[in-house]
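Asker: predicted model, plus sequence, below.
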Amino acid sequence: MFYIGVDLGKTHDYTAIAVIEKETPLQVNQRNYFAPGASPLPQLLVRRLERVPLGTSYPRIVAHIRAITHAPPLAGHCALVVDATGLGAPVVDMLREPGTGCDITAVTVTGGERVSRRGLMHFGVPRRDLIAGVQLALEQGRLRISGHLHEGPALGRELLAMRAGCATSEHDDLVFAVALACWRAHRKSVWGGGRLPGI
């Protein structure tokens, strides 16, 4: 299963897109069979990272995201999570129009203490929870970044800055896109069938 995190930029900020592949239970079992002692938790593999060029209109960004969701191997096997904070809500509405081809979860970043439900497939998530999810995956050795990604070095710098506690909104767009994807990947369901921690 693939999870696509989108951190929407403003006029002077990049829109960042991260695609993470989460190992299936079968893949985890096969890995543990051939490598006893490996983590029983699924690996999160960063397969795609990009920054959309500055000045790109939101309708073009929406069209680009739809192209990603329809391309193999993601087609029919992906879930999208978008930062709906501020100007993000109208973009989420555009993405929810027929044609995106995947589940879409909106996340409003909060300074609160717990995850809150804000509507159908819309959640308020504390920023610290999003960042903590990335940090934990790194500490557990579960988050791996494909070596051929053009933006891989930039993500590495952002992760180092995050660990040092000096990441800023100007330089954490890739980390935040990855954090959104990781957050969604850790949820069994955002429909009625699975419970989100803190709700």
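Answerer: Nice, I can see it.

Asker: any idea how many residues pack against Pro53?
Answerer: By other CB atoms under 10 Å, the residues close to Pro53 number 10. All C-beta atoms are positioned from the backbone trio N, CA, C, and that covers glycine.

Asker: need the contact list for the nearest residue to it once chain neighbours are set aside.
Answerer: Distances taken as CB to CB, 6 or more residues apart in numbering put Tyr14 closest to Pro53, at 8.0 Å, once the chain neighbours are dropped. Tyr14 sits next to Arg51, Val52, Pro53, Leu54, Asp173 when contact means CB atoms under 8 Å, 6 or more residues apart in numbering.

Asker: pLDDT score for the first one?
Answerer: According to the prediction, Arg51 has pLDDT 94.

Asker: check the last one too.
Answerer: Note on Asp173: pLDDT of 92.

Asker: that one is in contact with Asp13, isn't it?
Answerer: Yes: counting by CB atoms under 8 Å, Asp13 is a contact partner of Asp173 at 6.6 Å.

Asker: these two - which one has more neighbours?
Answerer: Using other CB under 10 Å as the criterion, Asp173 and Asp13 rank with Asp173 on top: 24 against 14.

Asker: may I have the phi/psi pair for that one?
Answerer: phi -60, psi -40 (degrees, to the nearest 10).

Asker: sketch out the low-pLDDT regions of the chain for me.
Answerer: Residues of the chain meeting the criterion pLDDT under 70: 24-40, 164-171, 188-199.

Asker: and the helix or strand containing Ala18, which strands flank it?
Answerer: Element membership for Ala18, per DSSP states H and E: strand 15-22. Here strand 15-22 has these sheet partners by DSSP bridges: strand 2-7 (antiparallel), strand 44-52 (antiparallel).

Asker: show residues contacting the first one.
Answerer: The reference is to strand 2-7. Against strand 2-7 from outside (CB under 8 Å, 6+ apart): 15-22, 47, 65, 68-69, 73-74, 77-83, 102, 173-174, 176-185.

Asker: pull that strand out as PDB, backbone CA atoms only.
Answerer: Output of strand 2-7 as PDB, limited to C-alpha atoms (Å, rounded to 0.1, in the frame of the first residue of the first chain):
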ATOM      1  CA  PHE A   2       1.200   3.500  -0.800                       C
ATOM      2  CA  TYR A   3       0.600   6.600   1.200                       C
ATOM      3  CA  ILE A   4       0.900  10.100  -0.400                       C
ATOM      4  CA  GLY A   5       1.600  13.000   1.900                       C
ATOM      5  CA  VAL A   6       1.100  16.500   0.500                       C
ATOM      6  CA  ASP A   7       2.300  19.700   2.300                       C
END
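
Asker: all strands of this structure, in order?
Answerer: Using DSSP state E, the strands of the chain run over residues 2-7, 15-22, 44-52, 78-83, 103-110, 116-119, 122-126, 143-145.
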